[in-house]
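> Have a look at this prediction, sequence included:
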Amino acid sequence: MTLKQDLGQKIQQLRKERKITQERLAELVGIDPKNISRIENGNNYPTAENLTSIAEALRVNIYELFVFKDEIPYQKMKEEIIEALNNEKNILFLYKCLKGVKG
């Protein structure tokens, strides 16, 4: 499966979980409902602006749109990060990583 297809399926899954129609999502994002259909079917990528609007409409962070079924669920990641913070070496390493990412 391609990234386009995975992303489309994730958007569709989240939209359905929130009981939002394609038409309503399109209205919230400000695009044609056909574009939502094309995105969900894996035929089109959303623009960066539309991706931001889709995430906002679905009440998720953008990165959550890219957490697919084969990957570690968000809650599991969070638990593992919290557990890792019990180790001083990990805290120092994570701090250095965060400082390096700071832009």
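Sure thing, it's come through. Numbers count the residues shown, from 1 in each chain.
> Dead centre of the protein: give me the residue that sits there.
Residue closest to the average C-alpha location in the chain (C-alpha atoms, centre = their mean): residue 65, at 1.8 Å.
> Excluding residues flanking it in the chain, which one is nearest that one?
residue 10 (5.5 Å; C-beta to C-beta, 6 or more residues apart in numbering). (C-beta placed from N, C-alpha, C; glycine too.)
> try residue 14
In space, residue 14 is closest to residue 58, 4.6 Å off (C-beta to C-beta, 6+ apart).
> So for the residue nearest to residue 65, what's the pLDDT?
pLDDT recorded at residue 10 is 94.
> about what we covered before: touching, the residue nearest to the centre of the chain and residue 54? I think so.
Yes. Between residue 65 and residue 54 there is a contact under C-beta atoms under 8 Å: 7.2 Å.
> anything in contact with each of the two?
residue 11 (C-beta atoms under 8 Å, 6 or more residues apart in numbering).
> ok now do residue 6, which residues does it touch?
Per C-beta under 8 Å, 6+ apart, neighbours of residue 6: 42, 66, 68.
> now the residues you listed in TSV, with neighbour count?
Output for the contacts of residue 6, formatted as TSV (neighbours: other C-beta atoms under 10 Å):
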residue	neighbour count
42	17
66	13
68	14
